[in-house]
Every structure is written in C-alpha cells, then in structure tokens.
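Q: can't give you the sequence, but here's the structure:
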Ligand SMILES: Nc1ncnc2c1ncn2[C@@H]1O[C@H](COP(=O)(O)OS(=O)(=O)O)[C@@H](OP(=O)(O)O)[C@H]1O
C-alpha cells in the first residue's frame, strides 16, 4: 500500500512556472536551468509526440554522413540525451490534433506518466494544457514568435512527411554540412517510418515493459498525418477548432493539417 502510494506520488506531475513536469525533472530544475550550451551545440526543441525521435535520427545521420553503422552505436536516448532528464533546441511542430492522439496512446503505454483516462477525459486534459511539458499552444506559439531572432530552424512534421528530402536538406544546410544526393537519398530511406519502426536503436524496444508497455501501444505507432480523424468526434472537432482559434489568435503560424 505504502509502495503504491509512493509510486503514485512519483507519477504525479508537478509544476515549474505553471508547466506540469515529471517529479524528477522538477527536483533537478536548478541544474537544468543552469545548463550552458556551447556555441556549436544543436538543441532539438519539440513538443512531446511531434517527431522528436525522427528528427534526432535525421540529425545523427547527417552528422555522420549517412553512415548507418555509426548511427547504430547506441540507442537514440543516449545519442541525444534529453536536457529535462537532468542531463541536455531546433523546434519541430506537429499539428495539435495528431499530437493529442499520439500523446494519448503514449500515456496509455508509458507507465511513468499519469494514466490518461478515457479519450474524452484526455481531450479535456490536453486542451487545458495540463499534460506533461505543458500546453501545445504555448510551446508552438512561443518558438514561432522568436524563430527569427535566434539561430533557429523551425520544422513541421507534416512537411517532413510530405517531402522528406527537401526538409532533410534544410536541416543539412542549417548544420553547415554538404552531403551529396546519394547520401541524402540514403538518409531519407533510413529515416522512413517503416525503417525506424524496425530499428531497435530508435524504436524503444530496449526499454523494459515496466516502463514502456508496447503491447498496449507501440512507440512507433502509426507515423501518419491525420490520424486524429479516427479519434475526434464531430462535436470535439468543432470545440477544438474554436479553442484553437482563441489560443492561437495573433499568431501567423499555419499548419497544413488542422
Ligand atoms: N520516421 C518517422 N516517420 C513518421 N513518424 C514518425 C517517425 N518516427 C517516429 N514517428 C512518430 O512520431 C511520434 C512520436 O513522437 P516523438 O518521437 O516526439 O515522441 S516522444 O515525445 O519522444 O516520446 C509517433 O507518432 P504516432 O505514430 O502518431 O503515435 C511516431 O510514430
């Protein structure tokens, strides 16, 4: 009983400046806040479930000139450590509806995050921003507003999906690399959903079931644009669109999928 209570307490999200975060992140907040980047550090800043793993693998493949073997040297969480896990941004945005669906399934299978409840319940939690790492709207709007003031490359999941080679080329230029067409084509192929789903260095198959239970929902779940249409009711969609309009008012950001 005491153990169960301690575990539940650990799973409860706590807040830093109004943003719900995992307890271990909150406990180490000073250290995280004091992180000093080196001039050539590349930070990947994604809202959860926006394609973090995808862009991590793309960046690593570019860095290593498309050398598949080198990119197999360690699991992706070790090749690109998460700063908020008390160790070390490129914002990548994915439309809010697909993010919500992906996040819902992730919370079902991730035993370290609060239980998402039913889809109807989760819909309310997500739109109120009471999910881990906070509000989708604040994250996306915030990065979009400052993108021209700093050296930031803003990417959209939907664009990478539609034209991976073009977007990978943008990342390559941002990184100051110059790879030939054959290498680029190889990176496109190696970072496709189908390939990554089978790659143990990125598909989280090495994480114990007690943490990520992939029998409930795989980490590499669908990898598509528009899966929200299989989840949202017509009423939820109307309500969502109205809230989206209010929250994103004044922002010039445009998503191809909404
Ligand atoms: N290569 C490739 N192509 C297309 N889509 C991909 C790819 N790799 C990962 N994904 C999909 O990205 C979703 C997971 O997002 P994240 O990696 O940001 O998750 S996490 O926040 O790090 O847990 C999750 O989306 P859903 O399938 O909609 O759940 C993954 O399937």
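A: Sure thing, it's come through. Here the structure is a predicted model, which means the values were calculated and not measured.
Q: Show me which residues of the stretch 101-250 of the chain are close to the ligand?
A: Contacts of the stretch 101-250 of the chain with the ligand, taken as Cβ under 6 Å from any ligand atom, map to 102, 105, 106, 191, 192, 193, 196, 220, 221, 222, 223, 227. In short, each C-beta sits where N, CA and C put it, glycine included.
Q: how near is residue 134 to residue 145?
A: To residue 145, residue 134 is 16 Å away according to Cβ to Cβ, to the nearest Å.
Q: For this structure, which segments count as strands?
A: 14-16, 19-21, 45-46, 91-93, 155-156 (DSSP state E).
Q: could you redo those strands as a markdown table and give each row mean neighbour count and mean pLDDT?
A: Output for the strands of the chain, formatted as a markdown table (neighbours: other Cβ atoms under 10 Å; pLDDT from 0 to 100):
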| stretch | mean neighbour count | mean pLDDT |
| --- | --- | --- |
| strand 14-16 | 13 | 94 |
| strand 19-21 | 19 | 94 |
| strand 45-46 | 21 | 94 |
| strand 91-93 | 24 | 76 |
| strand 155-156 | 24 | 97 |
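Q: all helices of the stretch 101-250 of the chain, in order?
A: For the stretch 101-250 of the chain, the helices defined by DSSP state H, counting those that start in this stretch occupy 119-127, 136-146, 157-162, 164-174, 181-190, 193-197, 234-247.
Q: any chance of those helices in CSV, plus mean neighbour count and mean pLDDT?
A: Formatted as CSV, the helices of the stretch 101-250 of the chain follow (neighbours: other Cβ under 10 Å; pLDDT from 0 to 100):
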stretch, mean neighbour count, mean pLDDT
helix 119-127, 17, 97
helix 136-146, 18, 96
helix 157-162, 19, 97
helix 164-174, 17, 97
helix 181-190, 16, 98
helix 193-197, 15, 98
helix 234-247, 13, 96
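Q: right, and residue 170 touches residue 153 too?
A: Yes: with contacts counted by Cβ atoms under 8 Å, residue 170 reaches residue 153, the gap being 6.6 Å.
Q: Name the nearest residue to residue 127, ignoring sequence neighbours.
A: Take residue 127 and drop its neighbours on the chain: the residue closest to it by Cβ to Cβ, 6 or more residues apart in numbering is residue 243, 5.5 Å away.
Q: actually residue 223, not the one I wrote
A: Among residues not flanking residue 223 along the chain, residue 193 sits closest, at 3.5 Å (Cβ to Cβ, 6+ apart).
Q: same deal with residue 76?
A: Distances taken as Cβ to Cβ, 6+ apart put residue 202 closest to residue 76, at 4.7 Å, once the chain neighbours are dropped.
Q: Just list the residues touching the one you found, thanks.
A: Applying Cβ atoms under 8 Å, 6 or more residues apart in numbering to residue 202 gives the contacts 53, 56, 57, 75, 76, 196, 220.
Q: which of the residues you listed lies closest to the ligand?
A: residue 53 (3.4 Å; Cβ to the nearest ligand atom).
Q: Residue 59 versus the closest one, what's the distance?
A: Here the criterion is Cβ to Cβ. By it, residue 53 lies 11 Å from residue 59.
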